[in-house]
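Student: sequence plus the predicted model coming up.
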Amino acid sequence: MEPVFELQYALDTFYFLVCGALVMWMAAGFAMLEAGLVRAKNTTEILTKNVALYAISCTMFMICGYAIMYGGPDGLHAAVPFLDGILGNGVAEHEDTYAPSADFFFQVVFVATAMSIVSGAVAERMKLWSFFAFSIVMTAFIYPMEGSWTWGGDSVFGMYTLGDEGFSDFAGSGIVHMAGAAAALAGVLLLGARKGKFGPDGKVNAIPGANLPMATLGTFILWLGWFGFNGGSVLATSSVDNANAVAVVFMNTNAAAAGGLIAALIVARFMFGKADLTMALNGALAGLVAITAEPSTPTPLQATLFGALGGVLVVFSIITLDKLKIDDPVGAISVHGVVGFLGLMLVPVTNPLTDDGGASFGGQLLGAVTIFVWVFVVSLIVWAIIKAAIGIRVSEEEEYEGVDISECGLEAYPDFSIKS
């Protein structure tokens, strides 16, 4: 290698790895957020799900997911030589300025993020091992397939190539977040609502989370990790142009989160008469999801407004899903699904389709429909098979007592339990 290229290679590889580590830290954010928003009797189980799904995601994506996503129609056959590279020195002949192993690491933490979205939506009433079974299929096949049509550049069943149709998703508002929400929605529809969530008269009963400080900490961790999520998607930082692009992405990511939180807090104040912390937290996350599809082209003001749109939308979406009796304990379907779609549709506003790239509204809609239909339909089939085979919901008695005891055999807060 030439000395200049060696330095560029080292810098870009190091940057990729650091950003990947930040995205990995988002797993802690999801764990804390979800543990804070469920009841105390379900805390251990939700933490077990989050730590285990990360391990499952890493393993299944290594075995076949990465090869499917980036290996084209022959992706499965590419799995073995790819593993050769990972188990060896991870150096291959290619035109990129970063190590292939760094690319794998950065991609695998995105898979875990998509699966984490599912965890919160099905909380407090799903069987633990049924969730693990779905995690295997989601991370080994469902996500990699839609990823191959988007970031992988393959055609959708030979019919059309999304990139050629004017579809663009910079860091995954649709590819990661809406996909995770689609899988979650399919599971929630088959799973049903928690006992006591909806009254016989149609009334929606609030079920408060047990630890809002923990949920707030989780949100801050996710906010931090998102700089790696979006910033790392620039893919390089060793040139002036790339360094400037990274700085813009960081700035806009932060601005969107702030805009989302402020907007959600204001809307909640007008609707409920109180400053609702949970809506504020979801507003910040909604702002982050909204900007993820294109954080490099908006101005800071535009990024703030896009985040604010996400913050407003997520409040109304959470309320609407409750009215439809779709029980999502942490608001994941609204934050990542509904606002993920919004993020995709905002891309052409600042990055319209030209000969050099960009997106069109038609292309974005086609991409969104493709991702949602694939993930939702296949997930619904997989959830249905798991339900028929081993069941997906705990018994009514186990749900009443809390899934910590029935699924994990221990409590998160034993010192505060009421003993008979």
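Tutor: It's in. Numbering: from 1, shown residues only.

Student: buried ones in the lengthiest helix in the chain?
Tutor: With DSSP state H applied, the helix covering the greatest number of residues in the chain is identified as helix 3-37. Within helix 3-37, the residues that qualify as buried by neighbour count (16 or more other Cβ atoms under 10 Å) are 8-9, 11-13, 15-17, 19-20, 22-24, 26-37. No exception for glycine: its C-beta is placed from N, CA and C like everyone else's.

Student: hey, which helix or strand in this structure has the poorest pLDDT?
Tutor: helix 79-87 (a mean of 45; mean pLDDT, DSSP states H and E).

Student: what's the mean pLDDT across the longest helix of the chain?
Tutor: For helix 3-37, mean pLDDT is 94.

Student: can you check stretch 294-302 too?
Tutor: Mean pLDDT, computed over stretch 294-302, is 98.

Student: sorry, back to before: which neighbouring elements make contact with the helix or strand just after the least confident helix or strand of the chain?
Tutor: In the C-terminal direction, the helix or strand that comes right after helix 79-87 (DSSP states H and E) is helix 100-121. Taking 3 or more Cβ pairs under 8 Å, 6 or more residues apart in numbering; DSSP states H and E as the contact definition, the neighbouring helices and strands of helix 100-121 are helix 3-37, helix 43-60, helix 66-70, helix 79-87, helix 128-137, helix 143-150, helix 179-191, helix 332.

Student: mind exporting the fifth one as PDB, just the C-alpha atoms?
Tutor: This means helix 128-137. The C-alpha trace of helix 128-137 is given here as PDB (Å, rounded to 0.1, in the frame of the first residue of the first chain):
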ATOM      1  CA  LEU A 128     -39.300 -15.600  25.900                       C
ATOM      2  CA  TRP A 129     -38.200 -18.600  23.700                       C
ATOM      3  CA  SER A 130     -40.900 -17.800  21.100                       C
ATOM      4  CA  PHE A 131     -39.300 -14.300  20.800                       C
ATOM      5  CA  PHE A 132     -35.800 -15.900  20.500                       C
ATOM      6  CA  ALA A 133     -37.100 -18.200  17.700                       C
ATOM      7  CA  PHE A 134     -38.400 -15.200  15.800                       C
ATOM      8  CA  SER A 135     -35.200 -13.300  16.400                       C
ATOM      9  CA  ILE A 136     -33.300 -16.100  14.500                       C
ATOM     10  CA  VAL A 137     -35.500 -15.800  11.400                       C
END
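
Student: so for it, what gets flagged as buried?
Tutor: Using 16+ other Cβ under 10 Å as the test for burial, helix 128-137 gives Leu128, Ser130, Phe131, Phe132, Ala133, Phe134, Ser135, Ile136, Val137.

Student: can I get those residues in CSV including distance to Thr44 and pLDDT?
Tutor: Shown next, in CSV, are these (distance: Cβ to Cβ, whole Å; pLDDT from 0 to 100):
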residue, distance to Thr44, pLDDT
Leu128, 10, 98
Ser130, 17, 98
Phe131, 14, 98
Phe132, 15, 98
Ala133, 20, 98
Phe134, 20, 98
Ser135, 18, 98
Ile136, 22, 98
Val137, 25, 98
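
Student: widest-spaced pair of those residues?
Tutor: Taking Cβ to Cβ as the measure, the buried residues of helix 128-137 span a maximum distance of 15.9 Å, between Leu128 and Val137.

Student: tell me the phi and psi of Ser296?
Tutor: Dihedral angles of Ser296 (phi, psi; degrees, to the nearest 10) stand at phi -100, psi -20.

Student: that one: what's it in contact with?
Tutor: When contacts are counted by Cβ atoms under 8 Å, 6 or more residues apart in numbering, Ser296 is found next to Phe170, Val234, Ala245, Val248, Val249, Asn252, Asn351.

Student: output these as JSON lines; include the columns pLDDT.
Tutor: Supplementary listing: the contacts of Ser296 in JSON lines, determined by pLDDT from 0 to 100:
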{"residue": "Phe170", "pLDDT": "97"}
{"residue": "Val234", "pLDDT": "96"}
{"residue": "Ala245", "pLDDT": "97"}
{"residue": "Val248", "pLDDT": "98"}
{"residue": "Val249", "pLDDT": "98"}
{"residue": "Asn252", "pLDDT": "98"}
{"residue": "Asn351", "pLDDT": "97"}
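
Student: so which of those residues are in helices?
Tutor: When DSSP H defines the helices, the subset of those inside them is Ala245, Val248, Val249, Asn252.

Student: can you pull the phi/psi pair for Gly357?
Tutor: phi 130, psi -150.

Student: oh, I was asking about Ala293
Tutor: The phi and psi values for Ala293, taken as degrees, to the nearest 10, are phi -70, psi -30.

Student: thought it was touching Met178?
Tutor: No: using Cβ atoms under 8 Å, Ala293 and Met178 do not qualify as a contacting pair, with a distance of 9.5 Å.

Student: overlap in contacts, those two.
Tutor: Looking at what touches both Ala293 and Met178 (by Cβ under 8 Å, 6+ apart), the common residues are Gly340, Leu344.

Student: using TSV, lay out the contacts of Ser296 together with distance to Gly218 and neighbour count.
Tutor: Supplementary listing: the contacts of Ser296 in TSV, determined by distance: Cβ to Cβ, whole Å; neighbours: other Cβ atoms under 10 Å:
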residue	distance to Gly218	neighbour count
Phe170	24	21
Val234	26	25
Ala245	29	20
Val248	27	19
Val249	23	26
Asn252	22	26
Asn351	31	18
